Every structure is written in structure tokens, then in C-alpha cells.
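Enquirer: Just need the structure, nothing else, for what follows:
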Amino acid sequence: MDEAKIAAYVGSTAAVLGLPLPPERAARVVAHLQRTAALAALLDAAPLAPHGEPAEIYSPAAFPPIDDEGGLL
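Expert: Okay, the predicted model is just below:
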């Protein structure tokens, strides 16, 4: 995506959300989104198979043990 399209996106999104966005701040947001898009393009181009980066399975931590008075052991 080119700079003009990203700038239009940033401006219209700020307007829809009712966010004040001075031009100098909008330029910084555009620069960050351009950088993010460039990094995403590098990842898209990487030759990874589905098994190359398995998703981690969520495993919640166990609650700590509690004594008879309700305090932590």
C-alpha cells in the first residue's frame, strides 16, 4: 500500500472515530503503518510451512495452594 492510500486511511479512520489528528501526528501514524506493512510483507514472503511455526496451546497457570486460613502456602 502506498503512502497516499495509507494517509487517506488514517485520515478517514480518525474522522470516523472522532479523533483529533493534527497533520504532524498523522504523518507519524502513516510512517508507523508503512513500517508495519513492510514487516508484514517480509513475513508473507518467508517460505514457512504450517508446521514451521506451530501455535502455542494456551495452558492457564494453576492457582497457588492456600492454607486453612485462606493464606498462600
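Enquirer: Check what pLDDT Ala4 gets.
Expert: We have a pLDDT of 91 for Ala4.
Enquirer: Show me what the strand or helix carrying Leu33 is packed against.
Expert: Here Leu33 sits within helix 23-45, counting by DSSP states H and E. If you count contacts as 3 or more CB pairs under 8 Å, 6 or more residues apart in numbering; DSSP states H and E, helix 23-45 packs onto helix 3-17. C-beta coordinates here come from the backbone N, C-alpha and C atoms, glycine included.
Enquirer: can you list the residues that contact the helix it packs on?
Expert: Applying CB atoms under 8 Å, 6 or more residues apart in numbering, the contact partners of helix 3-17 are Met1, Pro20, Leu21, Ala26, Val29, Val30, Leu33, Gln34, Ala37.
Enquirer: Show me what counts as buried in that helix.
Expert: Neighbour counts over helix 3-17 (16 or more other CB atoms under 10 Å) mark Ile6, Ala7, Val10 as buried.
Enquirer: Pick out the residue nearest the middle of the protein.
Expert: Centroid-nearest residue in the chain, with CA atoms, centre = their mean: Thr36, separated by 9.2 Å.
Enquirer: how far away is it from Ala62?
Expert: Counting by CB to CB, to the nearest Å, the gap from Thr36 to Ala62 is 37 Å.
Enquirer: And Tyr9, by the same measure?
Expert: 44 Å.
Enquirer: before we move on, what about Pro54?
Expert: Shown here: Pro54 relative to Ala62, a distance of 23 Å by CB to CB.
Enquirer: Kindly report the same for Val10.
Expert: Val10 is 44 Å from Ala62, by CB to CB.
Enquirer: What of Ala45?
Expert: For Ala45, the distance to Ala62 equals 41 Å [CB to CB].
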